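1. With the sequence up front, the predicted model follows.
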Amino acid sequence: MGCSIRAAAVIESGLIISVGQASGPELHTTLEQKKPALNHCGADSPFRLENEQAYQAWRARKLARRAQVDQARVFALDSEGRLPHSACDALRDQLEAFNFVLFEADPGEFDKNAFVELNRQFGLCDPDANLGADADRVTALRVVEASDARAQYIPYTNRAMNWHTDGYYNPPERRINAFALYCVSPAWRGGGNYLFDHEMMYLLIRDQAPNLLEALMQDDLMHIPANLQGKQVIRPEESGPVFSLQANSAALNMRYTSRPHNIVWKSDQRSQRALNLVREILLDGEALIDISLQAGQGMVCNNILHGRHAFQDDEKHSARLVLRIRYRDAIDLAEGLCAGKSN
């Protein structure tokens, strides 16, 4: 039984990757009062607050896998831009540990169509349309001219992007559960990404302050005003939680942004304490990972927290160009590369 949408409201082959080193009156809401909010979830879900045994088993497995797996591993694609079936077990381990996979293709042979087909090997078949995407729902992230309407959005500039998950402003029926990046050409200087597994964020919060988790699952915790261009509504206003569970599984989804503008957070004390803990964990950087994709390299991930460093292009070199696809479905190797292969 799955969970309803409203429930719990390298350095290798040129890829550079590193791990970061990382008041008020007592709240009266008890853990017992919070349990009903999660009771729509499957009985064995580790994200049910009452299911401590399942959580501890999941936690132990997650941390053990992270200690065993090389986060810097880059999976090489074959001459057709595909992953071999022999990689199934390693891919599962990588995703369980970090919720992302790095890959490398032949830049001269790998194109947009190959990118889409590669993502299908991860079970990703439901791409989301967004303002900058083309007819195939692929977005070319590059610096655009000031006269371009997209120039008002940070992804189309060379500015840094703070911590966020993709599509945090989408309505529930268009929730983003995964996305993929492919680097056609890197920036001359800067432009790398930093990552933080959203499951690790949940784990650290549950370890430190489980009483604040329900605050992060409130349906009215974050409010995003409508995107208005003149008199036209580009996107209506939306509200939702930070943590929720995917509609047909017990998998975790996170919606978050560190941007100070165009977002209104719930202002009660408990909500603010929970949000401050998220910020403190991100600042501490215990589970932060930096990557810098080179030409021909990419990443497929569940919708983890991420950001981008500022960058500079140089007229003597190709400008930074990264392809991105957002997906409403989550990674499911059993529906792709590993179909018919038991765990």
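-> Sure thing, it's come through. Numbers count the residues shown, from 1 in each chain.
2. which residues in the protein form helices?
-> Assigned by DSSP state H, the helices in the chain fall at 31-34, 52-68, 88-98, 112-121, 198-208, 269-284.
3. Do you know the pLDDT at residue 230?
-> With respect to pLDDT, residue 230 scores 72.
4. Tell me how many other residues surround it.
-> Residue 230: 6 surrounding residues under other Cβ atoms under 10 Å. (Each C-beta comes from the backbone N, C-alpha and C, glycine too.)
5. what sits against it?
-> The contact partners of residue 230, by Cβ atoms under 8 Å, 6 or more residues apart in numbering, come to none.
6. how close does it get to residue 149?
-> Noted for residue 230: a distance of 11 Å to residue 149, by Cβ to Cβ, to the nearest Å.
7. Retrieve the pLDDT associated with the closest residue to residue 250 other than its chain neighbours.
-> Leaving out its chain neighbours, the residue that sits closest to residue 250 by Cβ to Cβ, 6 or more residues apart in numbering is residue 45, at 3.6 Å. Per-residue pLDDT puts residue 45 at 78.
8. Residue 45 and residue 53 touch, don't they?
-> No: counting by Cβ atoms under 8 Å, residue 45 stays clear of residue 53, with 11.7 Å between them.
9. Is residue 300 in contact with residue 119, as I believe?
-> Yes: with contacts counted by Cβ under 8 Å, residue 300 reaches residue 119, the gap being 6.2 Å.
10. follow-up on the earlier one: more neighbours: residue 45 and residue 53, which one.
-> When neighbours are counted by other Cβ under 10 Å, residue 45 comes out ahead of the other of residue 45 and residue 53, with 24 against 10.
11. returning to what we had before: overlap of the contact sets of residue 300 and residue 119?
-> Joint contacts of residue 300 and residue 119 (Cβ under 8 Å, 6+ apart) are residue 180.
12. quick one: the residue nearest to residue 250 from residue 58, how far?
-> Distance of residue 45 to residue 58, computed by Cβ to Cβ: 9 Å.
13. Now do the contacts for residue 300.
-> Residue 300 makes contacts with 100-101, 103, 118-119, 122, 124, 178, 180, 331, as judged by Cβ under 8 Å, 6+ apart.
14. still on that earlier bit, save the helices of the chain as JSON lines, and put in mean pLDDT too.
-> Shown next, in JSON lines, are the helices of the chain (pLDDT from 0 to 100):
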{"stretch": "helix 31-34", "mean pLDDT": "41"}
{"stretch": "helix 52-68", "mean pLDDT": "96"}
{"stretch": "helix 88-98", "mean pLDDT": "98"}
{"stretch": "helix 112-121", "mean pLDDT": "97"}
{"stretch": "helix 198-208", "mean pLDDT": "97"}
{"stretch": "helix 269-284", "mean pLDDT": "97"}
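15. To residue 219, which of those helices lies closest?
-> Taking Cβ to Cβ, helix 269-284 is the member of those nearest to residue 219, at 12.0 Å.
16. Report all helices and strands that that closest one contacts.
-> Contacts defined by 3 or more Cβ pairs under 8 Å, 6 or more residues apart in numbering; DSSP states H and E place helix 269-284 against helix 198-208, strand 264-265.
17. any residues touching the shortest one, and which ones?
-> When you say that, I think you mean strand 264-265. By Cβ under 8 Å, 6+ apart, the residues outside strand 264-265 that reach it are 221-225, 271-272, 275.
18. The same query, at a cut-off of 6 Å, please.
-> For strand 264-265, contacts defined as Cβ atoms under 6 Å, 6 or more residues apart in numbering pick out 222-223, 275.
19. what does the longest one give?
-> Contacts of helix 198-208 from elsewhere in the structure, counted by Cβ under 6 Å, 6+ apart, are 59, 252, 254, 281, 287, 304-305.
20. run the last query once more with 7 Å
-> 55, 59, 62, 99, 165, 212-213, 243, 252, 254, 277-278, 281, 287, 304-305 (Cβ atoms under 7 Å, 6 or more residues apart in numbering).
21. Tell me the buried residues in it?
-> Using 16 or more other Cβ atoms under 10 Å as the burial criterion, the residues of helix 198-208 that qualify are 198-206.
22. ok so, going back, the residue nearest to residue 250 contacts residue 52, correct?
-> No: Residue 45 lies out of contact with residue 52 (Cβ atoms under 7 Å); the separation is 11.9 Å.
23. before we move on, the earlier item: dump the helices and strands packed on helix 269-284 into CSV; add distance to residue 316 as well.
-> Formatted as CSV, these follow (distance: least, Cβ to Cβ, whole Å):
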stretch, distance to residue 316
helix 198-208, 39
strand 264-265, 44
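24. Give the PyMOL command for selecting the buried subset of the contacts of strand 264-265.
-> Buried subset of these, written as a PyMOL selection, criterion 16+ other Cβ under 10 Å:
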select buried, resi 222+275
